[in-house]
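>>> Quick one, what's the 3D model for this:
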Amino acid sequence: MYVSVLCLAGRAFVWGFNLVKPFMTKHTLSKISIHGFDESKWKPAFRETLPEESIPRRYGGTAELTHLYDMIYDGAIKKIMASNNNNEQ
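Model (predicted):
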């Protein structure tokens, strides 16, 4: 069963979600957990749902995450730049 845990959800998101909630089934709602900025509420929800190695360090886990920009730059963009440099020579 897939679940969603949203933490650090702002008031606008919670307000919008409450508008959509009546159109969702109880089964779907049972898989969604929304938490604000109170760490004492969302950290336990993370730990119940995810293994510690999947939770970023800044949220109390052990995962080392890489920014998407770094992944793209280190991968595709570097290859393109290298290819262009080789073609120019």
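>>> just so I have it, where are all the strands in the protein?
Shown for the chain, the strands assigned by DSSP state E span residues 4-6, 32-34.
>>> Mind telling me which of the ones you listed the model trusts least?
Across those, strand 4-6 has the smallest mean pLDDT, namely a mean of 81.
>>> quick revisit: so which of the strands of the chain gets nearest K43?
strand 4-6 (10.2 Å; C-beta to C-beta). The way it works is simple: take the backbone N, C-alpha and C, and place the C-beta from them, glycine included.
>>> residues of the closest one that come out buried?
Applying a neighbour-count criterion of 16 or more other C-beta atoms under 10 Å, the buried positions in strand 4-6 are V5.
>>> circling back: now tabulate the strands of the chain in TSV and tack on distance to P44.
Putting these into TSV (distance: least, C-beta to C-beta, whole Å) gives the following:
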stretch	distance to P44
strand 4-6	10
strand 32-34	10
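>>> Which among those strands is found nearest to R47?
When the strands of the chain are compared for distance to R47 using C-beta to C-beta, the nearest one is strand 4-6, at 9.9 Å.
>>> any idea how far that closest one is from the chain center?
A distance of 9 Å separates the centroid of the chain from that of strand 4-6, by C-alpha atoms, centre = their mean, to the nearest Å.
>>> other SSEs contacting that strand?
strand 32-34, helix 39-49 (3 or more C-beta pairs under 8 Å, 6 or more residues apart in numbering; DSSP states H and E).
>>> now the helices for this protein?
In the chain, the helices defined using DSSP state H lie at 11-20, 26-29, 39-49, 68-72, 78-88.
>>> Deepest-packed of those, please.
Highest mean neighbour count among the helices of the chain (mean count of other C-beta atoms under 10 Å): helix 39-49, with a mean of 14.
>>> what residues does that one touch?
Outside of helix 39-49, the residues that reach it under the criterion C-beta atoms under 8 Å, 6 or more residues apart in numbering are 3, 5, 7-8, 33, 35-36, 55, 59-61.
>>> repeat that with 10 Å
3-9, 33-36, 52, 54-56, 59-61 (C-beta atoms under 10 Å, 6 or more residues apart in numbering).
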